[in-house]
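Asks: with the input below, show me the fold.
(chains A, B, C and D)
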2 protein chains.
Amino acid sequence: MNETTELLAVRVAELYYEENKSQDEIGGLLGVTRWKVGRLLAQAKERGIVRIEIVHPRARRLGVERALCERFGLDDAVVVPVPASVTELGDRVAQAAADYLTALRPVPRTLGVSWGRTLDTIAGRLEQGWATGVTVVQINGGVSLNRRPGTAANTAATIAQRASGQVVLLPSPAILERIETRRAIEADRTVAGVLELAQGASAYLYSAGVADATSVLVDSGYLTAADVAELVRKGAVGDVVGRYIDANGNIADPGLDERTVGLGLDQLRAAKNAIFVVSGEAKHDVARAVVTSGLCTVLVTDEATALALLEGTV
Amino acid sequence: MNETTELLAVRVAELYYEENKSQDEIGGLLGVTRWKVGRLLAQAKERGIVRIEIVHPRARRLGVERALCERFGLDDAVVVPVPASVTELGDRVAQAAADYLTALRPVPRTLGVSWGRTLDTIAGRLEQGWATGVTVVQINGGVSLNRRPGTAANTAATIAQRASGQVVLLPSPAILERIETRRAIEADRTVAGVLELAQGASAYLYSAGVADATSVLVDSGYLTAADVAELVRKGAVGDVVGRYIDANGNIADPGLDERTVGLGLDQLRAAKNAIFVVSGEAKHDVARAVVTSGLCTVLVTDEATALALLEGTV
DNA sequence: TGGACTCTTGCTCATATGAGCACATTGCTC
DNA sequence: GAGCAATGTGCTCATATGAGCAAGAGTCCA
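Replies: Residues are numbered from 1 along each chain as shown, chains lettered A, B, ... in the order given. Predicted coordinates:
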């Protein structure tokens, strides 16, 4: 399209979209047929001269969602556009996750949830009555040692309460100091029952942690910043339900993993409905590791993360 | 429109504009009639949920243009959107002014032009052959004392040359030290002839200067920064064709005006086609003074200036 | 509780637009 | 310069959408 045609396309687009003139009227004004006007409008759209954007806190990016599903073999994806002016990125994504959960059919009878800041925000965004009779089970440990007492329990409890359901907490630390202690605690009837319930959940809802000192595992006292630095040196890009993974989605430190209580990654991979919620540039690496290694079936994320995932592969 | 309807409108807009589904298809997907889909789309547009923007260096803002004409009684207005990322604001506006001049019908036989940076940029943006046989006459003095020798002459000459026309320069300083000298020079046959031609021009093309030390009149040595500061204290907001005006469009310093050579503001007000080109926040005050006091019939400006003009009145 | 008024909805018919086709134009190669 | 391929154009007919209207729904007040 040469410069003259391009300028004509600009004028046509202005008259059509800003002046609300019909293609026939525009043709008369500019001395071209209405068929040519239509073609110029199509070209204006193709070349980005006309930009149509859906601007709303609940808006989605359906095209990007489909591209993610095709690329990564996901069952579903939810992508939310977040304008640069919005500072609470996680809020928009959490809202979208809450919307998705509310709309999920069939309603999951048992929902396994992790804990962390993202999950807490999602819990806060769920409406009372988002479902009825959902049993919410914790899938990673964290009741004890937690410096913010009750957050993990609160998250699961809130989600359950707002679905008029029950909460089943995992009464165990997230990470134990000795493998023997982890085995003993998992063998205990109380913990074993919760883990069995967790393994049988119809859906899982979880996020990821960044492999740095901001991790809630550091915050909670399970790991030190030095521990995490060592994990990074072993290739860790982040943690999923308390388990550190590398860029290929494999366990970064098997020894640490053996001491970690909660649902295993194999069980997450085998899940029929694993809803992964993630946002922010800091989590791009772990997000990529999760979606490329089959650790989720549904992804809820922001547009920038989605586009980064789509650009980075092949 | 309550929250449920608003969310429905978002979904409808996404399916229509991003998925290119017909209103009938969308109705089937969402369980509403195609007529309701149409109404939801209209609401989405009204409430800014759908934003359609023309993004191109040559794009205009036709609605804003019409509003300016209605508000200020202009014969025409040209408003160009300039994205925040574009640093050469004046370039876009200068291009629009060049476009306007080229499209002007009837072609002006005699075109009076001022000189300054904006006019120089416009001259550079005009294409060879933008018109034929146009006599370009300088309407404000400035050949002598100019520290950038020839700029004023170059501007007029370039415009004339690219219209295969003649240039008529005003061989006089912009401002003289004594009123008597100004009268003498204007009485001289050479200068008088040019001024007569200038007064009889079919169209005028000019910009405005900011009332501060960046003025080309300071740059050129006619005024000192102290002179301009004094003018500001007398209420000057800027200069038009070398004449300082206040917020109401009146001469700020009659004494200085008496020593200024060139087309008078009364003559500009009486013109049938006075094309005023202005951009940038620094010039908002003088722009307002010009459009509200009948000193132009056509305004070419950037979108931010246009909106500032529309907001500031009444 | 009923009537009046306002708002919303579904529909008919008119208008607007697009898909696909046949023909025209343009550009390239021999 | 001719032939061929690619691109562009105008058109017919089908599809999509909107304007205006009548009917239904909802709200408010006496």
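
Asks: now do the end-to-end distance for stretch A:179-198.
Replies: 21 Å (Cα to Cα, to the nearest Å).

Asks: quick one: buried residues of that stretch?
Replies: A:Arg182, A:Ile185, A:Glu186, A:Val191, A:Val194, A:Leu195, A:Leu197, A:Ala198 (16 or more other Cβ atoms under 10 Å in any protein chain shown). For every residue, glycine as well, the C-beta is placed using N, CA and C.

Asks: and which of those is nearest to DNA strand D?
Replies: Of all the buried residues of stretch A:179-198, DNA strand D sits closest to A:Leu197, with 43.6 Å by Cβ to the nearest atom of the strand.

Asks: okay, and which of the buried residues of stretch A:179-198 map to helices?
Replies: A:Arg182, A:Ile185, A:Glu186, A:Val191, A:Val194, A:Leu195, A:Leu197, A:Ala198 (DSSP state H).

Asks: ok, the last one - contacts?
Replies: With contacts defined as Cβ atoms under 8 Å, 6 or more residues apart in numbering or on different chains, the neighbours of A:Ala198 are A:Gly112, A:Val137, A:Gln138, A:Ile139, A:Leu170, A:Gly262, A:Leu263.

Asks: ok so the first one is a helix residue?
Replies: So the one you mean is A:Gly112. No: counting by DSSP: H, G, I helix; E, B strand; the rest coil, A:Gly112 is not found in a helix; it is strand.

Asks: tell me the contacts of it?
Replies: A:Val137, A:Gln138, A:Ile139, A:Ala198, A:Ala201, A:Ala203, A:Tyr204, A:Leu205, A:Tyr206, A:Leu263.

Asks: do that again at 10 Å, thanks
Replies: By Cβ atoms under 10 Å, 6 or more residues apart in numbering or on different chains, the residues touching A:Gly112 are A:135-140, A:156, A:168, A:170, A:197-206, A:241, A:262-263, A:267-268, A:271, A:273-274.

Asks: show me what it is bridged to.
Replies: A:Val137, A:Tyr204 (DSSP bridges).

Asks: show me which residues of the lowest-mean-pLDDT helix or strand in chain A are buried.
Replies: Least confident helix or strand of chain A, by mean pLDDT, DSSP states H and E, is helix A:216-219 with a mean of 83. Of the residues in helix A:216-219, A:Val216, A:Leu217, A:Val218, A:Asp219 count as buried by neighbour count, 16+ other Cβ under 10 Å.

Asks: hmm, the third one is touching A:Tyr244, no?
Replies: If I follow you right, that is A:Val218. No: look at A:Val218 against A:Tyr244 with Cβ atoms under 10 Å: they stay out of range, at 11.9 Å.

Asks: what residue in the stretch 151-300 of chain A comes nearest to DNA strand D?
Replies: For the stretch 151-300 of chain A, Cβ to the nearest atom of the strand, closest residue to DNA strand D: A:Arg162, 27.0 Å.

Asks: pLDDT score for the residue nearest the centre of chain A?
Replies: Nearest to the geometric centre of chain A sits A:Val277, at 1.9 Å (Cα atoms, centre = their mean). Note on A:Val277: pLDDT of 97.

Asks: residue ranges in chain A under the pLDDT threshold?
Replies: Scanning chain A for pLDDT under 70 picks out A:1, A:143-151, A:313-314.

Asks: what residues does it put near chain B?
Replies: Counting by Cβ under 10 Å from any Cβ of the partner chain, the residues of chain A close to chain B are A:3, A:6-7, A:9-20, A:44, A:47-66, A:99.

Asks: just those: which are in strands?
Replies: Those of these mapping onto strands are A:Val50, A:Arg51, A:Ile52, A:Glu53, A:Ile54, per DSSP state E.

Asks: fine, thanks again, bye for now.
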